[in-house]
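Student: predicted model and sequence follow; I will ask about them next.
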Amino acid sequence: MSVKYSKLCVDCNTPFLTDNDSTNCCNKCFYGFGAIDRADPLPGNPKDAVGSKKVSMSVVPASVLMELSLAMREGAQKYGAFNWRTKPIKVMEYYNALWRHMAAWAEGEDIDADSGLPHIVKALATLVVLRDAQRCGKVLDDRPLASPPFMAEMNAHAARLSQGPST
């Protein structure tokens, strides 16, 4: 059982709980959403001034990236690393794989039986491959012909339904 420390954030003075005695700021401030934006450069530090204008990987949870890495490694062992960069992929195969993982997850199956990894992580890996293949120009777009716009109409209908039966 871990000990919880009640502290005041050094940046915004907000009370917070932590199980790490060396933590001195709340999550909002630590992740750059509080009183002090940690992406702001320190005065006089030229590296900070340049680095603060570049892509920040610190806003992506490392644990999720590591899970994604495991899923990508599993795929590399099965199909070859970065295979989608050498031969085009069919987008609908990836669409179908994505929805199989999400449907299994939505139905209460958290872990993919084949890999032992969470279905959500497998879905992320599917999207990563699809997006990288798009960026590399290695997709065969086999989606059906586009339908007329429909989302606004469906959302309006859902809004009407959420108001209950009309009398």
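Tutor: Sure, I can see it. It should be emphasised that the depicted structure is a prediction, and the values quoted were computed from it without experimental measurement.

Student: partners of L8 in the sheet?
Tutor: P15 (DSSP bridges).

Student: my read is that it contacts P15, right?
Tutor: Yes. If you go by CB atoms under 8 Å, L8 and P15 touch, sitting 5.8 Å apart. No exception for glycine: its C-beta is placed from N, CA and C like everyone else's.

Student: with neighbour numbers in mind, choose between the two.
Tutor: L8 (13 against 9; other CB atoms under 10 Å).

Student: so for that one, what's the pLDDT?
Tutor: With respect to pLDDT, L8 scores 72.

Student: next: S115.
Tutor: Value listed for S115 in the pLDDT field: 95.

Student: now for it, how many residues are close by?
Tutor: For S115, the neighbour count with other CB under 10 Å is 16.

Student: so it, which state does it fall into?
Tutor: The local conformation at S115, judged by DSSP: H, G, I helix; E, B strand; the rest coil, is coil.

Student: where does R100 sit, in terms of helix or strand?
Tutor: If you go by DSSP states H and E, R100 is part of helix 91-106.

Student: only the buried residues of that helix, if you could.
Tutor: V91, Y94, A97, L98, H101, A104, W105 (16 or more other CB atoms under 10 Å).
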